[in-house]
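# here is my input; please provide its structure:
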Amino acid sequence: MTGPGPLRIGNASGFYGDRFDAVREMLTGGSLDVLTGDYLAELTMLILGRSRIKDPTRGYASTFLRQLEDGLGLAHERGVKIVTNAGGLNPAGLADAVRKLADTVGVPVRVAHVEGDSLPAPYGFLTANAYLGGAGIAACLRAGADIVVTGRVTDAALVTGPAAAHFGWGPEDHDALAGAVVAGHVLECGTQATGGNYAFFGDHDVRRPGFPLAEIHEDGASVITKHDGTGGVVDVGTVTAQLLYETAGARYAGPDVTARLDTVRLTPDGPDRVRISGVRGEAPPPTLKVGLNRLGGWRNEVVFVLTGLDIEAKARLVKDQFADALARGGRQPAEVRWELVRTDRPDAATEETAGALLRLVVRDRDADTVGRAVSGAAVELALGSYPGFHLTAPPGKGAPYGVFEARYVPVAEVGHVAVLPDGDREDVPPAGPHRALEAVEEPGLPDPLPPGPVRTAPLGRVAGARSGDKGGDANVGVWVRGDDAWRWLAHELTVARFQELLPETAGLTVVRHVLPNLRALNFVVHGLLGEGVAAQARFDPQAKAVGEWLRSRHLPVPTALLEEPEVTA
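Model prediction:
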């Protein structure tokens, strides 16, 4: 797998549960050299951990195997390598299962896997996995593997590994590796790069976006595109949105390299083609991120429907009655949270639009305390509470919730092993030398727009946004499509203005990062998500819609920016 030509790497999965037919679509829709699949997320590792407790032979993404039942033959016929992190907590087990499947369907494939990410879990934790880089994947491919299965690697490693194997990059090729990291970050979430979850979705037909692919060049530059005839769109905006997703500052650190996001340049390269160039890389940090998952306790949820008049008074009555019922029962959950969502409208034409939702969430270390004690207290109010009492669903017995934590360990403490197709084990040394992470110097801002007339309007009439989660933190990337809009946004959307527009963030630490090349600001909101997505502590536990909330907020906008969208390359 060597040669100087561009390497076409496609993606067929952005998460465990993504479009099942994507593997076939990508293998039959056009030419590819490598097909990747990203199945892991913080929550997925917890799910797989619980699965492996029940059955030690599992712990991997079983969907991948079902996708391979016909994908294996297609990939073999077309000479496409497959690289996936679907191995989860048991990459060796998935590699064995792939071999058995290959024997069953009669397809000769050489299967390898990468291990070493699984670390001894500290007391009280279910899983502990280091985020490995792409060097183990590269070793497997250099040894002739057709399919490489990994456990917890960085999402971008699924691209850096094949690119390094193809072009012969070494750990010192920082700029080339950084370019591949950026391309990998764009591909990792599948159709989010081709119009899915896109702020300006109304500009394109995104009903069934195709999955993305990257044409990687020897110097690390790339072109993001998709197979001809597939839905969605690839343009500077969709790529910018995905670049900002779940990132923080200008230094995007990983085990292979630290990519400088402030050096990324995006330019149109034809229909549904965007070129990524200019990416600079630096030596990776001396530590690896380790994701730890544990069961945090038990939670239950009840949603009361309040209809018509006196919504606030009805809510107060339920809260008082529920508190009294818990006190009489002698079981008080450690955490009781109420949230009234005013979905009701005055003089509504339908009953549903006359209703508001009162959401109760309880948590405790003890299952019984949030189980029947809570469900019973809610149900027993049915004939003795507010007029029109009903629930969105019968209350359940409660469910366990998880907690994610991130820690960092020296790279030398983590073994990285490529288990080659012939069974030989190759130790993969850590990339080096290393460079400690530090913040970049704040870039200068463009000159502000001259004073002129303004009109109160939603921010989203001018700016796009995409938001996501990293543990208990959230990021909100905001970008604009023209230089004048950038001159306005860079000065208008300060941290203070951001917190004013999103009052939930007012008491939290918010850090703003400026990325002029992308005409973008990236806000990191520390602590917004509590103990992370698995804890389900917030209405939007992964902060997926925080960016859209921000875009809906009104502020004074120069009328010149509202008259026509300014789109420049």
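
# pLDDT score assigned to the residue nearest to H526 when sequence neighbours are not counted?
In this structure, H526 finds its nearest non-sequential neighbour in T509, 4.3 Å apart by Cβ to Cβ, 6 or more residues apart in numbering. In short, each C-beta sits where N, CA and C put it, glycine included. Here the pLDDT value assigned to T509 is 97.

# wait, what's in contact with T509?
For T509, the contact set (Cβ atoms under 8 Å, 6 or more residues apart in numbering) comprises 525-527.

# could you pick out the longest strand of this structure?
In the chain, taking DSSP state E as the definition, the longest strand is strand 287-307.

# restricting to C-alpha, output that one in PDB.
Written as PDB, here are the backbone C-alpha positions of strand 287-307 (Å, rounded to 0.1, in the frame of the first residue of the first chain):
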ATOM      1  CA  THR A 287       0.500  12.600  27.600                       C
ATOM      2  CA  LEU A 288      -2.400  10.500  26.300                       C
ATOM      3  CA  LYS A 289      -6.100  11.200  27.100                       C
ATOM      4  CA  VAL A 290      -7.700   8.300  29.000                       C
ATOM      5  CA  GLY A 291     -11.500   8.100  29.000                       C
ATOM      6  CA  LEU A 292     -13.000   6.500  32.200                       C
ATOM      7  CA  ASN A 293     -16.600   5.400  32.600                       C
ATOM      8  CA  ARG A 294     -18.400   4.400  35.700                       C
ATOM      9  CA  LEU A 295     -22.000   3.900  36.800                       C
ATOM     10  CA  GLY A 296     -23.000   7.000  38.600                       C
ATOM     11  CA  GLY A 297     -26.200   5.700  40.100                       C
ATOM     12  CA  TRP A 298     -29.900   5.600  39.100                       C
ATOM     13  CA  ARG A 299     -32.200   8.100  37.500                       C
ATOM     14  CA  ASN A 300     -35.900   8.400  36.800                       C
ATOM     15  CA  GLU A 301     -38.000  10.900  34.900                       C
ATOM     16  CA  VAL A 302     -41.600  11.800  34.900                       C
ATOM     17  CA  VAL A 303     -43.200  14.400  32.500                       C
ATOM     18  CA  PHE A 304     -46.500  16.000  33.600                       C
ATOM     19  CA  VAL A 305     -48.700  17.700  31.000                       C
ATOM     20  CA  LEU A 306     -50.200  21.000  32.200                       C
ATOM     21  CA  THR A 307     -53.000  22.300  30.000                       C
END
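
# same question for the next helix or strand after it, mean pLDDT?
Later in the chain than strand 287-307, the nearest helix or strand by DSSP states H and E is helix 311-329. In this model, helix 311-329 has a mean pLDDT of 95.

# cool, stretch 387-402 as well?
Averaged across stretch 387-402, the pLDDT comes to 93.

# now do that stretch: distance from first to last residue.
Terminal residues of stretch 387-402 are spaced 37 Å apart (Cα to Cα, to the nearest Å).

# ok, now which ones touch G17?
T63.

# what kind of secondary structure is it in?
Put simply, G17 is coil when judged by DSSP: H, G, I helix; E, B strand; the rest coil.

# go on, the one 3 residues further on?
Following three-state DSSP, the label given to F20 is coil.

# the nearest residue to it once chain neighbours are set aside: neighbouring residues, count only.
Of all residues beyond its chain neighbours, the one nearest F20 is Q67 (6.4 Å), with distances taken as Cβ to Cβ, 6+ apart. For Q67, the count of nearby residues is 24 (other Cβ atoms under 10 Å).

# identify the residues contacting Q67.
Residues counted as contacts of Q67 (Cβ under 8 Å, 6+ apart) are 12, 20, 22-24, 37.

# ranges for the strands of the stretch 401-550 of the chain?
417-419, 425-427, 454-458, 463-470, 473-480, 510-515, 520-525 (DSSP state E, counting those that start in this stretch).

# residues making contact with the first one?
Judged by Cβ under 8 Å, 6+ apart, the contacts made with strand 417-419 from elsewhere in the structure are 92, 95, 112-116, 136-137, 139-140, 143, 425-428.

# return a ChimeraX selection command for the buried portion of those.
Typed into ChimeraX, the line below selects the buried ones among those, using 16 or more other Cβ atoms under 10 Å:
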select :95,112,113,114,115,116,136,137,139,140,143,426,428
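
# widest-spaced pair of the contacts of strand 417-419?
By the measure Cβ to Cβ, A95 and D427 form the most distant pair in the contacts of strand 417-419, at 18.0 Å.

# mind showing which ranges of the stretch 301-450 of the chain have poor pLDDT?
Scanning the stretch 301-450 of the chain for pLDDT under 70 picks out no residues.

# now with 90, please.
Residue ranges of the stretch 301-450 of the chain with pLDDT under 90: 329-331, 372, 395-396, 431-432.

# likewise the stretch 1-150 of the chain?
Looking at the stretch 1-150 of the chain by pLDDT under 90, you get 1-5, 41-43, 46-47, 50-51, 53-54, 70.

# need the contact list for P6.
Listed by Cβ under 8 Å, 6+ apart, the contact set of P6 reads 215-217.

# residue most distant from the centroid, this protein?
G384 (44.4 Å; Cα atoms, centre = their mean).

# contact partners for that one?
Counted by Cβ under 8 Å, 6+ apart, G384 has contacts Q321.

# for R407, same thing?
Counting by Cβ under 8 Å, 6+ apart, R407 has contacts 289-290, 292.

# could you redo the last one with a cut-off of 7 Å?
Contacts for R407 (Cβ atoms under 7 Å, 6 or more residues apart in numbering) come out as 290, 292.

# how much space separates it from G471?
11 Å (Cβ to Cβ, to the nearest Å).

# average pLDDT for stretch 467-476?
Averaging pLDDT along stretch 467-476 gives 93.

# now do the same end-to-end measure for it.
4 Å.

# what's the answer for stretch 487-498, then?
Chord length of stretch 487-498, first to last residue, is 17 Å (Cα to Cα).
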